[in-house]
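Output the structure for:
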Amino acid sequence: MEGKINTQAFYDTLDSLYEKKEMERVEPYMLGTLAKAGEFRDMEGIVAVCNELGGLYRAMRRTEDALWTYEKVLEGLEQMGMKGTPNYAAALINLGNVHIARKSYQKAYDIDRQAMEILEKQKGEAYQMAALCNNMSAALRELGRIKEGKNMAVRAIQIIGQMPEFTIELATSYTNLGQAQVKEYAYSDARKNLTYALQLYESCNGDKDIHYAVAVYALANVDEAEGRYEEAERKYMRAARLIERDFGRTCDYTQVMEDLERVRRNGVKRSEGNGTVQGIL
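Model prediction:
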């Protein structure tokens, strides 16, 4: 069966559902549209829907589902003769992001390297390059390649700093830099950059951005490392509340709660060492 879906109508309906916050209808609508695109053998439509569906699954932390949708995007772009284009690089960046969420850091880095080669060859958009540098910074940091990860975060800041309309992305870049500095025990620099990241987020929409919790969590790490247990506890609790608000009680939420319990134990030990028996409430 030949034919095409109306991609503009698809985007318009999707925007309307998000605007009305009718989230329970979003996934069924996209899956229904994807099924129609499949019946029509409409590869352009399949790519368009899978790209949006992957974004939804990634935001929901449904990484297994996000993987197959972004892989479908790459397959579709290849069939359309678009391998090696900036659009293909964008799909690779999205896929790499999912692997970071899955903690498959080497896989993420390998995918990001492919995207980097394309963007450098095709002279891709500066925004794409900054997003890619942030992804690579996160992957390198977790692979123990701290200096390279820090350099990638600095590169992202240099690029995105030239585009004042992308304040949220700049905040993400400073968060990445701060996280790398935590790994190399440069706590004073990390605190400065993470605090600045929070200020950037707050200047846009308070604590509403879904990445805000990451900066709060990283700053809690700094407080804990410096023995500021009460401050660390408050920030871990705040990060947990933000993650629960945005994603529910995910594995990230569980990790923060484990960190919270550890910092409480350390706070109690310190109180006992000072001759008191009260813990942190």
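
Give the residue spans of the stretch 1-150 of the chain that score low on pLDDT.
Applying pLDDT under 70 to the stretch 1-150 of the chain picks out residues 1-2.

which residues of the stretch 101-250 of the chain fall in helices?
In the stretch 101-250 of the chain, the helices defined using DSSP state H, counting those that start in this stretch lie at 105-122, 126-142, 146-160, 167-183, 187-205, 212-225, 229-247.

Could you dump those helices into CSV with mean neighbour count added?
All C-beta spots, glycine's among them, are computed from the backbone N, C-alpha and C. Listed next are the helices of the stretch 101-250 of the chain as CSV, based on neighbours: other CB atoms under 10 Å:
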stretch, mean neighbour count
helix 105-122, 18
helix 126-142, 24
helix 146-160, 21
helix 167-183, 25
helix 187-205, 18
helix 212-225, 23
helix 229-247, 20
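
Which of these sits closest to residue 10?
Each of the helices of the stretch 101-250 of the chain has some distance to residue 10 by CB to CB; the shortest is helix 126-142, at 23.1 Å.

Which strands and helices lie in contact with the closest one?
Packed against helix 126-142, as judged by 3 or more CB pairs under 8 Å, 6 or more residues apart in numbering; DSSP states H and E, are the following elements: helix 86-101, helix 105-122, helix 146-160, helix 167-183.

now those helices as TSV including distance to residue 253?
Below are the helices and strands packed on helix 126-142 laid out as TSV (distance: least, CB to CB, whole Å):
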stretch	distance to residue 253
helix 86-101	14
helix 105-122	21
helix 146-160	25
helix 167-183	18
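
which stretch among those helices comes nearest residue 60?
Closest to residue 60 of the helices and strands packed on helix 126-142, according to CB to CB: helix 86-101, at 10.7 Å.

just to revisit the earlier point, between the helices of the stretch 101-250 of the chain, which one is nearest to residue 61?
Going by CB to CB, the one of the helices of the stretch 101-250 of the chain nearest residue 61 is helix 229-247, 5.3 Å.

For the helix or strand following the closest one, list the C-alpha coordinates in CSV.
Next along the chain after helix 229-247, taking DSSP states H and E as the criterion, comes helix 251-273. What follows is helix 251-273, C-alpha atoms only, in CSV (Å, rounded to 0.1, in the frame of the first residue of the first chain):
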residue,chain,number,x,y,z
CYS,A,251,16.9,4.1,39.1
ASP,A,252,18.2,7.7,39.3
TYR,A,253,15.8,8.4,42.2
THR,A,254,17.0,5.2,43.9
GLN,A,255,20.6,6.2,43.5
VAL,A,256,20.0,9.6,45.1
MET,A,257,18.1,8.0,48.0
GLU,A,258,21.1,5.7,48.6
ASP,A,259,23.4,8.7,48.6
LEU,A,260,21.0,10.4,51.0
GLU,A,261,21.2,7.5,53.5
ARG,A,262,25.0,7.4,53.3
VAL,A,263,25.3,11.1,54.0
ARG,A,264,22.9,10.8,56.9
ARG,A,265,25.0,8.0,58.4
ASN,A,266,28.2,10.1,58.0
GLY,A,267,26.5,13.0,59.6
VAL,A,268,25.5,10.9,62.6
LYS,A,269,29.0,9.5,62.9
ARG,A,270,30.4,13.0,62.9
SER,A,271,27.9,14.2,65.5
GLU,A,272,28.9,11.2,67.7
GLY,A,273,32.5,12.0,67.2
